[in-house]
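Participant: Model the following, please.
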Amino acid sequence: VALLICWMSLLYIFRRKKPAPNENYRKKSFTCVWLWFAVEYSRTLRKDVFHYMIKVDISNVWGQLTLGDLLAMEKEVADAHTTLVDGTGEGNDFLGWLNLPVREPTEEIKRIQSAAKKIRENSDVFVVIGIGGSYLGPRAAIELLQGPNHNIGKGKGNPQIFFAGNGLSTRHWNELQGLLEDKDFSIAIISKSGTTTEPAIATRALRWMLERKYGTAGAKERIFAITDPCKGALRQMATEEGWETFVIPQNVGGRYSVLTPVGLLPLAVAGIDIMEMMNGAVDAKETYDLRSFENPVWQYAAVRNLLYRNGKAIEIFESFEPGFKMFGGWWQQLFGESEGKDGKGIFPATAEFTADLHSLGQMIQSGVRNIFETMVRFDAPEKKMVIGGDAKNLDGLNYLEGRTLDFVDEKAFLGTLAAHVDGGVPVITMDCGELNDRKVGELFYFLELSCGVSAYILGVNPFNQPGVELYKRNMFQLLGKPGYEK
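Facilitator: Residues are numbered from 1 along each chain as shown. Alright, predicted model coming up:
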């Protein structure tokens, strides 16, 4: 009955002969609200399908889009999804990530769990060497689940985890070297080739520190290589030195590799249940294969492309969780490298609210209207922080006495959402539900799938990155690397 009423109202609005004042506004508002209602209503009828779904709310993009715009894209989105999963598009030799999720541990995962147990028992610190997708995924998950201050108070049994080889800062190296003094530590070297400059420099330095501390034989037990199965400098080095190795599948690119040993070994060392994360990814693989606009992957991929076609060239990916900052960095590489080519692409930016409302807030509210936002939300944690009272009330906060911090956070989110929409900024929201290991696995797969579909809608190859090589050529030439002379 409710759906019938919606349809009748929709027909009434669109078939009126004379448009009323603000008719376009009303049409856009009503149609987006109607679509949201229809999707939500269908969810209630199909709880078995939608139980795990991340909820994407597009009702706050009404100022730019109509239901007609979205429905007109149905075939385009369906074709992009089919192209991705059937492997008929450009870059189809890098689709191995689609089938990485498993319900039961493989032999490789069992070896990862065994190595992680050993590292946790004998190391105060575990250093992950890698750049780009070789470190962003595991760091994103660790900080989201355990917080940005997760290393405080850790040691043997639950080692600190640091990341190296993702830059060329001498100050950063000096800091890490100081942190490792008088500590037992192990390292993981993550690289398909073993010749990428930043991680190669870090590998030389940390390997030397290990050999000086434990001797060659002792160091060998503390070095783990995650690399190509059969070729490359790191594979050769690991074979010659006798290091334990794990495989990066040849058909998985770096930014899609978080569910390979690239992410799984650091996450297991951090104490995260990697099989729970895998099961979340399996949930996503099964649930998000739905071929309709009930699928939040379709909603996200379609709407961001429609907004791009309407002049919105910048997407700000945001959360009200400080621990989400590095997850935003992982998303930034995923979408930036996948879509930014051939003179196309939405520029991926990130923000942490409420902190960045006091820096970027003015620009978002009143700057150039070429942006849209994607706000990611999680359920409040079980442990609450209650705001107390104060007799003098000099800060004027007694009106919040007895309220929880998550109550204030929710109102800040709703207030920000309303202000930005009123200011002409379209906002997509993603409600992820409870934050746990399983949900993070689902979120990784959801965004990877969304990115692949979105890139094919855009008309680009999601799995190459030709522009990344240009700065390297210039740097090698300036450094005098053989073969790069003028």
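
Participant: okay, CA-based contacts and neighbour counts for the rest of this
Facilitator: OK.

Participant: And what about L357, helix, strand or coil?
Facilitator: Classification of L357 by DSSP: H, G, I helix; E, B strand; the rest coil places it in helix.

Participant: Just give me the neighbour total for it.
Facilitator: Close neighbours of L357, defined as other C-alpha atoms under 10 Å, add up to 15.

Participant: what does L394 give?
Facilitator: 8.

Participant: Specify the local secondary structure of it.
Facilitator: Quick answer, by three-state DSSP: L394 is coil.

Participant: Can you give me the pLDDT of it?
Facilitator: As predicted, L394 sits at a pLDDT of 96.

Participant: what do you get for the one 10 residues further on?
Facilitator: The predicted local distance difference test score for T404 is 97.

Participant: Can you tell me, leaving aside adjacent residues, what's nearest to it?
Facilitator: Spatial nearest neighbour of T404, excluding adjacent residues (C-alpha to C-alpha, 6 or more residues apart in numbering): V386 at 4.3 Å.

Participant: tell me the contacts of that neighbour?
Facilitator: V386 sits next to E401, G402, R403, T404, L405 when contact means C-alpha atoms under 8 Å, 6 or more residues apart in numbering.

Participant: quick one: low-confidence ranges for this structure?
Facilitator: For the chain, applying pLDDT under 70 flags the ranges 1-52, 486.

Participant: got the residue ranges for the strands in the stretch 251-400 of the chain?
Facilitator: 314-319, 347-352, 371-377 (DSSP state E, counting those that start in this stretch).

Participant: How many residues are close by the nearest residue to N310 once chain neighbours are set aside?
Facilitator: Leaving aside its chain neighbours, N310 sits nearest to Q64 (7.3 Å; criterion: C-alpha to C-alpha, 6+ apart). For Q64, the count of nearby residues is 19 (other C-alpha under 10 Å).

Participant: Using the three-state scheme, assign Q64.
Facilitator: Classified using three-state DSSP, Q64 is coil.

Participant: right, and it touches V427 too?
Facilitator: No. Assessed by C-alpha atoms under 8 Å, Q64 is found out of contact with V427, at 10.5 Å.

Participant: hey, where'd the helices end up in the stretch 351-486 of the chain?
Facilitator: Taking DSSP state H, counting those that start in this stretch as the criterion, the stretch 351-486 of the chain carries its helices at 361-366, 405-422, 437-458, 468-479.

Participant: For A202, find the nearest of the ones you listed.
Facilitator: helix 468-479 (17.3 Å; C-alpha to C-alpha).

Participant: Tell me how far the closest one lies from the chain's centre.
Facilitator: Distance, stretch centre to chain centre, for helix 468-479: 28 Å (C-alpha atoms, centre = their mean, to the nearest Å).

Participant: Likewise for stretch 367-385?
Facilitator: The chain centre lies 14 Å from the centre of stretch 367-385; the measure is C-alpha atoms, centre = their mean.

Participant: First-to-last residue distance for that stretch?
Facilitator: 35 Å (C-alpha to C-alpha, to the nearest Å).

Participant: how about that stretch: buried residues?
Facilitator: Buried residues in stretch 367-385, counted by 16 or more other C-alpha atoms under 10 Å: R369, N370, I371, F372, E373, T374, M375, V376, R377, F378.

Participant: who does the third one bridge with?
Facilitator: Going back to what we said before, that points to I371. I314 (DSSP bridges).

Participant: V61 versus that one, what's the distance?
Facilitator: Distance, I371 to V61, using C-alpha to C-alpha: 12 Å.

Participant: Next: the first one.
Facilitator: According to C-alpha to C-alpha, R369 stands 13 Å off from V61.

Participant: Could you name every residue contacting both of these two?
Facilitator: With C-alpha under 8 Å, 6+ apart as the test, R369 and V61 both reach V425.

Participant: Now list the buried members of the contacts of V386.
Facilitator: Buried among those (16+ other C-alpha under 10 Å): none of them.

Participant: so which of those comes closest to I201?
Facilitator: Checking the contacts of V386 against I201 with C-alpha to C-alpha, the nearest one is L405 at 44.5 Å.

Participant: so the closest one touches K383, yeah?
Facilitator: No. Taking contacts as C-alpha under 8 Å, L405 lies outside contact range of K383: 10.5 Å.

Participant: got the contact list for the residue nearest in space to the middle of the chain?
Facilitator: Taking C-alpha atoms, centre = their mean as the criterion, W331 is the residue nearest the geometric centre of the chain, at 3.7 Å. Residues in contact with W331 (C-alpha under 8 Å, 6+ apart) are L447.

Participant: Repeat that for K439.
Facilitator: Counted by C-alpha under 8 Å, 6+ apart, K439 has contacts M277, G280, C432, G433.

Participant: mind redoing it with 7 Å?
Facilitator: By C-alpha atoms under 7 Å, 6 or more residues apart in numbering, K439 lies in contact with G280.

Participant: now D406
Facilitator: Per C-alpha under 7 Å, 6+ apart, neighbours of D406: A380.

Participant: Roughly how far does it sit from T82?
Facilitator: Distance from D406 to T82, by C-alpha to C-alpha: 41 Å.

Participant: Next: Y308.
Facilitator: Using C-alpha to C-alpha, one obtains 22 Å as the distance from Y308 to T82.

Participant: Who has more neighbours out of those two?
Facilitator: Comparing Y308 with T82 by other C-alpha under 10 Å, the one with more neighbours is Y308, at 21 against 16.

Participant: Now do the more buried one against G329, distance only.
Facilitator: In terms of C-alpha to C-alpha, Y308 sits 21 Å off from G329.

Participant: And for E276?
Facilitator: For E276 relative to G329 (C-alpha to C-alpha), the value is 23 Å.

Participant: Likewise for A238?
Facilitator: 30 Å.

Participant: cool, and R235?
Facilitator: Counting by C-alpha to C-alpha, the gap from R235 to G329 is 28 Å.

Participant: just to revisit the earlier point, ok, the buried residues of stretch 367-385 vs G153, which is closest?
Facilitator: F378 (26.4 Å).

Participant: I'd assumed D431 was in contact with that closest one.
Facilitator: Yes. In this structure, F378 is within contact of D431 by C-alpha atoms under 7 Å, at 6.1 Å.

Participant: The stretch 101-250 of the chain: strands as residue ranges?
Facilitator: 125-129, 160-164, 185-190, 223-227, 244-247.

Participant: Which one of those strands lies nearest to E315?
Facilitator: Distance to E315, taken as C-alpha to C-alpha, is lowest for strand 160-164 among those, at 27.3 Å.

Participant: what angle do that closest one and strand 125-129 make?
Facilitator: 20 degrees (axes from the mean of the first three to the mean of the last three C-alpha atoms, to 10 degrees).
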